[in-house]
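Q: Sequence plus the predicted model coming up.
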Amino acid sequence: LFALGDYPSVGLADAREKCEDARKLVRLGVSPVQNRQFEKIRREMDSANTFEAVAKEWLALKDWEDVTKTRRLDMLQ
């Protein structure tokens, strides 16, 4: 099932546009549902590459005392 959105939040023109986009994907042999899931995963992966995520990963690799790690994290925030 491929939902275009709820009625009040998605107007008729937007629903028609989304429907046409979905039909274009089907013509290309791509499932609109799988494409939506793929895009969601891609957005999540892109947002995971933030400075905060990289800093926390870097701190996890360090062999420091917890107090030092906390200070560094506070400093970076």
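A: Yep, that arrived.

Q: what about the helices in the chain?
A: 12-27, 32-47, 51-61, 66-76 (DSSP state H).

Q: any residues touching the last one, and which ones?
A: Applying Cβ atoms under 8 Å, 6 or more residues apart in numbering, the contact partners of helix 66-76 are 51-52, 55-56, 59, 62, 64. The way it works is simple: take the backbone N, C-alpha and C, and place the C-beta from them, glycine included.

Q: So which of the helices of the chain is nearest Phe2?
A: Among these, helix 32-47 comes nearest to Phe2, with 5.1 Å by Cβ to Cβ.

Q: ok, Arg43 - contacts?
A: By Cβ under 8 Å, 6+ apart, no residues touch Arg43.

Q: Need the per-residue pLDDT for it.
A: The confidence metric pLDDT takes the value 88 at Arg43.

Q: Let me have the helices of the chain in a markdown table, adding distance to Leu4 as columns.
A: Below are these laid out as a markdown table (distance: least, Cβ to Cβ, whole Å):
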| stretch | distance to Leu4 |
| --- | --- |
| helix 12-27 | 5 |
| helix 32-47 | 10 |
| helix 51-61 | 32 |
| helix 66-76 | 42 |
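
Q: right, so of those helices, which gets closest to Asp6?
A: Across these, closest to Asp6 is helix 12-27 (Cβ to Cβ), at 10.2 Å.

Q: which strands and helices sit next to the closest one?
A: If contacts are counted by 3 or more Cβ pairs under 8 Å, 6 or more residues apart in numbering; DSSP states H and E, helix 12-27 sits against helix 32-47.

Q: what's the offset of the helix it packs on from the middle of its chain?
A: Distance of helix 32-47 from the chain centroid (Cα atoms, centre = their mean, to the nearest Å) equals 6 Å.

Q: List the buried residues of that helix.
A: Neighbour-count burial for helix 32-47, counted by 16 or more other Cβ atoms under 10 Å, picks out 32, 35.

Q: Between helix 12-27 and that helix, find me the angle.
A: Going by axes from the mean of the first three to the mean of the last three Cα atoms, to 10 degrees, helix 32-47 is angled at 100 degrees with respect to helix 12-27.

Q: Low-confidence ranges, this protein, go.
A: Counting by pLDDT under 70, the chain shows low-confidence ranges at 1.

Q: Perfect, that will be all.
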